[in-house]
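*Asks:* Below is the sequence, then the predicted model.
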Amino acid sequence: MRKLVTSVLAGIGLTLACGTSVYAQEKSLTIFWAEWDPANYLQELGNEYEKQTGVKITVETTPWADFQTKAFTEFNAKGSAYDLVVGDSQWLGAASEGGHYVDLTDFVKENKVLDKMAPATVKFYSEYPGNSGKYWSIPAEGDAVGWAYRKDWFEDPKEMEAFKAKYGYDLAVPKTFKEMTDIAEFFNRPDQNRYGIAIYTQNQYDGLAMGFENALFSYGGELGDFGTYKVDGIINSDKAVAAAENYRKLFGFTPPGWTNAFFVENNQAITEGLAAMSMNYFAFFPSLINEASNPNAKNTGFFANPAGPGGEQFAALGGQGISVVSYSNNKEEAMKFLKWFIQDDTQKKWAALGGYTCNKAVLESAEFQNATPYNKAFYDTMFKVKDFWAVPEYAELLQQLNQRVYPYIVNGDGTAKEMLDALAKDWDATFKKYGRGQ
Amino acid sequence: MATTMITPLNTSSRAASRGLSDISIRNLFIIPTIVFLIVFNIFPLIYSLGYSFTDFRASTNAPANFVGLKNYRELLSDPYIWNNFAVTAKYVIVSVVGQVVVGFGTAMLLNRTIPLKGLITTLLLLPMMLSMAVVGLFWKLLYDPSWGVINYVLDLGKFQWLGDPKMALYAVAFTDIWMWSPFVMLLSLAGLSAVPKHLYEAAAIDRAGPFYTFFRITLPLVAPILMIAVIFRTMEAFKTFDLAYVLSTQPSTEVISIRLYKMAFQEWQTGRSCALAYIVLIMVLAITNIYVKYLNKVKER
Amino acid sequence: MAAVQTSGERALNKVAIVAVLLVTIIFLAPIYWIVATSFKPRNLATTIPPTVMFEPTISPFVKLFTKRSQLRSPPSAEEYAAAPWWERVVFDGGEKIVRDGKGQVQWSGYPSRFLNSLIIAITSTVLAVGMGTFTAYGFSRFKVKGEADLLFFILSTRMLPAVVVAIPMFLMYRAVGLNDTHLGLIILYTAFNLSFSVWLMKGFMDEIPKEYEEAALVDGYTRMEAFFKIVLPEAATGIAATAVFCFITAWNEYAFALIMTNRRAQTAPPFIPSQVGSGLPDWTVIASGTFLFLLPVAIFTFLLRNHLLRGMSFGAIRK
């Protein structure tokens, strides 16, 4: 027994000794982001920085479902584990009012960030409150929701003929939600283990919300008035109801059990040959164009979120800006990194690695737009994006949306009108609680 | 509870004068643990009791305002919260009953001379050595209608284990049963091996049927230790967070811990979540109190 | 076992053995599946019909320990040919290994998480079992005022859902700077294992005949000497069984680790699911991480299995 105890204690001492040495780095910066390809590309970019300056960059990641929680537990604990955070646009309110982000207004002005980056990206990723001229981050990763589809299924002459016979128009990349719904219905053949469409349904973070927004915004609907915080009559407008009904209809053409789906599941729908079309953020498409990861890579095409019945065409905004954490011990080093990050050369390199730069010049270059099969669709989409609430209590609003929308979309509980009326009431109460609007 | 009392040391003996007195040893042995538990379990709870009457948010620097019983009132009138409690109750019942049936049944099978019994018993413990979050992930893969193994092996086609809101809770409970039946089995085995063999022999001589033997001899004698297993599993099932959180996003599987986690660490409604934590706490204490009383009764019999 | 067995009983025994085998197979099948998946290439992890026969690869383990990044097109033939075998298996999956500014292969977060798990689980188990043994002895041998209430209080601290405790602990830790530290998790795990350990150990202590110590006391041992030289060796089996349970709990804890740690002190349970893949799910990496993580606890349990099985039927042996 005593031997056991001594050896265990010796073991602990040894591991403690090793454990501390792991963190004994001289000059280093830690960046926190979610677990996805762009974070790995940022790591590669950071390695370039290390080559040039000797400052080691470590990109730490966590799954999307926990991303918000992990970031805010660290912020609210006033922890210094992370020097920089590549945070979602919705966080701006909470992070700026909570004092978690360093005010970058002067940095933005001094370094002419407004001239370098596409205006829409600065507006969505950096500025809070809207039109206040106060900036809390530098646009890092532009992103929006787009679609991948199976070119070979769409271009199969037999399918084209059958489609034309059934719907009276040619089978092609859908330009409207109506066409997309028809195509989803057409390809939905459970007996052949083929399904129409893969959409976002996961309610742990903003997956379902982003998916639903794609329909909502293209249908001409809005979440509410971002200026007055009025929601009743807007989130439950006829347009919004029709959008919800269409999203519910699309759910009917998803593969079985598509009730907890976010980006990995939707990409898998394409790689496993399960669905004809699949919704995803552009940042998740790299694994679809490499044959080593997607056996259908040659037959995968991409398109922008289609228009609604009124001809309006929008998409849900993804992407993030990079911010300096107030509690970091290396704020000066972090600022130096940001200065390097916004240089045109760095941005070019960032785009080449696979990151979605927000740099105007790079975005507009033919080189960028032809670099991948989906960059053009990305460029088109980035000019028609809309976003979720960015107020500090956005997480409550998101939870209320998940709570109301999920049972309707996935389980078919109640009607779209009832569900959105209830959501309007929830949101109204929340805004009242925090003294917003009248 | 029967306490074994020991003859106190003769205070004038040589040994007693050399060492510490019994009282100081008792205090030395017991008090650190009690203090530790008070500091790290009770004190935080008192701390959060205060917050449960405020609108405090740990995510802002704004001071907390006293709101009285508002948090409690709103929580108790929220149908979603009641649904969370109903889900939790159903989950606890399904998973604990399942674990007792499977675990005790396996123990009955194992309670005989079997080659490699020790090895088999240890191997059966493997599921409970895994992390629940990882178990959740893997069972999500196993349950998947499109590429899961379970539907293939059982020839269930596209059966939706987690996609169907009614089935999802049972699917989560099945996973829990798989993982924790071995625990019940282990304790049951201990109880079964404690049943004196001569009772069975006497029953055999009386030509008692297997049912009679089971209900009149085996079950009553194993009951106390089985009760302990049930108490621990009920408590654990009531606390379930990781498994359900990772496996399913259906509202029908949203147990109270998940709601609490979201409220506290996603929405950062710290004050309100403290109030909900207190409601949960009172319920758990009540349930355990009933159990422990019952356990003592069983033991006395 | 009964000395005389009728032929009916023997047949029943055979049926029982077959049933035990079936149950064992059912219980172990998912674990087999995890282990098998950890040796598969990514594309074989989700095939239907399931892939049972395959050429094992250790590429999931290479991926588990390295930082990787998705490639949009396969590497050039020269690049592929120049790469060592462990880099090629990553290329085969459509990814490449990330190298830092000095050209060194970058490690993933797994090794440091694994190490954190070892430090935290071992320390908290030693503390919980140690304190639990002392306290159980105290309760078992001495008159304590309000003993039943105190024991209920001790048990009740185990009933609290982790999330309930996590809220005030988070605020307290924030005040004293214990968030994301090893010590912070060690304290938490010790606290919730301690109640379990006191309860189990009290059962074992009650079973040790007090006459043993009394004889020692008469021989001139002090109470302390009697405890260390007579009681502890007798309780070894109980201590081992308790240690197994405490270690399993601390090793696998998820909720506290998720909430209270980020990078420095994060343990493996919240980390492994984060390796689910950045663009496509990679079950093989999760499987290999799970498999390696199961090994220490399985070995520990296996080494102490005799104590565990005997410990659980302690009462039976004494009676």
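*Replies:* Right, received. Where do you want to start?
*Asks:* for A:I31, phi and psi?
*Replies:* phi -110, psi 130 (degrees, to the nearest 10).
*Asks:* Bridged to it, which residues?
*Replies:* Assessed by DSSP bridges, A:I31 has beta-bridge partners A:V59, A:L84.
*Asks:* Could I get the contacting residues of it?
*Replies:* Each residue near A:I31 by C-beta atoms under 8 Å, 6 or more residues apart in numbering or on different chains is listed here: A:L42, A:G46, A:I57, A:T58, A:V59, A:E60, A:Y82, A:D83, A:L84, A:V85, A:V86, A:I322. Backbone N, C-alpha and C define where each C-beta goes, glycine included.
*Asks:* Quick check: closest non-adjacent residue to A:F186.
*Replies:* Closest residue to A:F186 apart from its sequence neighbours, by C-beta to C-beta, 6 or more residues apart in numbering or on different chains: A:F163 at 5.5 Å.
*Asks:* can you pull the pLDDT of that neighbour?
*Replies:* With respect to pLDDT, A:F163 has a value of 97.
*Asks:* Please list all residues in contact with it.
*Replies:* A:D170, A:L171, A:I183, A:F186.
*Asks:* which of those residues tops the neighbour count?
*Replies:* Neighbour tally across the contacts of A:F163 (other C-beta atoms under 10 Å in any protein chain shown): the maximum, 24 neighbours, falls on A:I183.
*Asks:* Other residues contacting the host helix or strand of that one?
*Replies:* Using DSSP states H and E, A:I183 falls within helix A:177-187. Here helix A:177-187 makes contact (C-beta under 8 Å, 6+ apart) with A:153-154, A:159, A:162-163, A:166-167, A:169, A:171, A:174, A:194-197, A:215, A:218-219, A:246, A:249-250, A:253, A:275-277, A:306-309.
*Asks:* just the angle between the helix or strand containing the residue nearest to A:F186 and helix A:177-187, please?
*Replies:* Following DSSP H and E, one finds A:F163 within helix A:157-167. Orientation check (axes from the mean of the first three to the mean of the last three C-alpha atoms, to 10 degrees): helix A:157-167 against helix A:177-187 gives 120 degrees.
*Asks:* Can you redo the contacts of A:I31 as a markdown table, where the extra columns are pLDDT and neighbour count?
*Replies:* What follows is the contacts of A:I31, written out as a markdown table (pLDDT from 0 to 100; neighbours: other C-beta atoms under 10 Å in any protein chain shown):
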| residue | pLDDT | neighbour count |
| --- | --- | --- |
| A:L42 | 94 | 26 |
| A:G46 | 93 | 23 |
| A:I57 | 93 | 23 |
| A:T58 | 91 | 20 |
| A:V59 | 91 | 24 |
| A:E60 | 89 | 20 |
| A:Y82 | 93 | 25 |
| A:D83 | 96 | 22 |
| A:L84 | 96 | 30 |
| A:V85 | 96 | 27 |
| A:V86 | 96 | 26 |
| A:I322 | 96 | 24 |
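*Asks:* before we move on, the earlier item: which of the residues in the helix holding A:I183 are classified as buried?
*Replies:* Within helix A:177-187, the residues scored as buried using 16 or more other C-beta atoms under 10 Å in any protein chain shown are A:F177, A:E179, A:M180, A:T181, A:D182, A:I183, A:A184, A:E185, A:F186, A:F187.
*Asks:* For chain A, what's its nearest residue on chain C.
*Replies:* C:G101 (2.8 Å; C-beta to the nearest C-beta).
*Asks:* right, I mislabeled it, should have said the stretch 1-150 of chain B
*Replies:* Counting by C-beta to the nearest C-beta, the stretch 1-150 of chain B gets nearest chain A through B:P145, at 4.0 Å.
*Asks:* C-terminal to the helix holding A:I183, what's the next element?
*Replies:* Going down the chain from helix A:177-187, the next helix or strand is strand A:195-198, by DSSP H and E.
*Asks:* Sheet partners, orientation included, of that next one?
*Replies:* strand A:275-281 (parallel).
*Asks:* who's in contact with the strand it pairs with?
*Replies:* Residues outside strand A:275-281 that contact it (C-beta under 8 Å, 6+ apart): A:143-150, A:153-154, A:174, A:180, A:183-184, A:187, A:194-200, A:211, A:214, A:254-255, A:263, A:266-267, A:269-270, A:318.
*Asks:* Correct me if wrong: the residue of the stretch 1-150 of chain B closest to chain A contacts B:K158.
*Replies:* Yes - with contact defined as C-beta atoms under 8 Å, B:P145 and B:K158 form a contacting pair (4.6 Å).
*Asks:* what's the overlap in contacts for these two?
*Replies:* Common contacts of B:P145 and B:K158 (C-beta under 8 Å, 6+ apart): A:P256, A:G257, B:N151.
*Asks:* Looking at those, spot the one nearest A:K78.
*Replies:* Taking C-beta to C-beta as the measure, A:K78 sits nearest to A:G257 out of the shared contacts of B:P145 and B:K158, at 41.6 Å.
*Asks:* How many residues are close by the closest one?
*Replies:* Look at A:G257: counted by other C-beta under 10 Å, it has 23 neighbours.
*Asks:* and what of C:V105?
*Replies:* Per other C-beta under 10 Å, the neighbour tally for C:V105 reads 15.
*Asks:* what comes into contact with stretch B:123-132?
*Replies:* By C-beta under 8 Å, 6+ apart, stretch B:123-132 touches B:106, B:135, B:178-180, B:182-183, B:185-186, B:242-243, B:246, C:23-24, C:27-28, C:30-31, C:248, C:251-252, C:254, C:268-269, C:272, C:290, C:293-294, C:297-298, C:301.
*Asks:* Provide a list of residues in contact with A:V385.
*Replies:* By C-beta under 8 Å, 6+ apart, the contact list for A:V385 reads A:A120, A:F124, A:A144, A:F314, A:A315, A:A316, A:L317.
*Asks:* same thing with A:I197?
*Replies:* By C-beta under 8 Å, 6+ apart, the neighbours of A:I197 are A:180, A:183-184, A:187-188, A:250, A:253-254, A:275-279.
*Asks:* Show the model's pLDDT score for it.
*Replies:* The model's pLDDT for A:I197 equals 97.
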